[in-house]
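Asks: Generate a structure from the sequence data that follows.
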Amino acid sequence: MSSPTTHGLRVQVFGADAEPMPAHALARLFPHVPAHSPRFERLARSARVIVTHGSQIVGFAVYQRIDGDIRVPDLTLLASPGHGVRDVFGALLDALEAACLAGGSRRIVLPPTAPAHGLLRRRGYDVISEGCAGAWREKTFG
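Replies: From the prediction side, this is the model:
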């Protein structure tokens, strides 16, 4: 599924049956993840949301449907000319929330690496688990 968003950001949602993410793109987005590791393979082959500005990927999130939830184990955000990380994150959240509801899920769980805690709080995300890595966040619908 693909849809344009405001201010030149474009959002695409890919299911787990989509073509794998190109290795060079993942290496740019996740430079700390070894190219032949299990995590890199999972990033390449999982359902995902991609936010682009022009030809550049500026937002990427892997998601899984588990027990009626959308769980986001990995995400990364990059600023682009004219778009801060908050803009990119907002577009990514819009797509994840739409995918959640369209698939019949009622809850999204975000990892501790998710930035902009104030933005998440304003959008209805609550802390569900706090540990040394940070706070997992959730948003429940209806």
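
Asks: and the longest helix for the protein?
Replies: helix 85-102 (DSSP state H).

Asks: got the contact list for that one?
Replies: 3, 5, 7, 9, 11, 13, 49, 51, 53, 58-59, 61, 63, 70, 72, 75, 77-80, 106-108, 114-116, 119, 123, 139, 141 (CB atoms under 8 Å, 6 or more residues apart in numbering). C-betas here are computed from N, CA, C, even on glycine.

Asks: how much space is there between residue 35 and residue 137?
Replies: Distance, residue 35 to residue 137, using CB to CB, to the nearest Å: 30 Å.

Asks: before we move on, back to that, which ones among the contacts of helix 85-102 map onto helices?
Replies: Those of the contacts of helix 85-102 lying in helices (DSSP H): residue 119.

Asks: tally of neighbours for residue 74?
Replies: 18 (other CB atoms under 10 Å).

Asks: Residue 96 now?
Replies: Residues near residue 96, counting by other CB under 10 Å: 21.

Asks: low-scoring pLDDT stretches of this structure, where are they?
Replies: 1-7, 130-133 (pLDDT under 70).

Asks: pull the longest strand from it.
Replies: strand 56-66 (DSSP state E).

Asks: Okay, now the sheet partners of that strand, with direction.
Replies: strand 47-53 (antiparallel), strand 69-77 (antiparallel) (DSSP bridges).

Asks: What residues does the residue most central in space within the chain make contact with?
Replies: For the chain, the residue nearest the mean C-alpha position is residue 61 (2.5 Å; CA atoms, centre = their mean). Applying CB under 8 Å, 6+ apart, we find residue 61 in contact with 48-49, 72, 74-76, 92, 96.

Asks: contacting residues for residue 74?
Replies: Contacts of residue 74 (CB under 8 Å, 6+ apart): 30, 39, 43, 61-62, 111, 113.

Asks: Which of those fall within strands?
Replies: Checked against DSSP E, the contacts of residue 74 include these in strands: 61-62.
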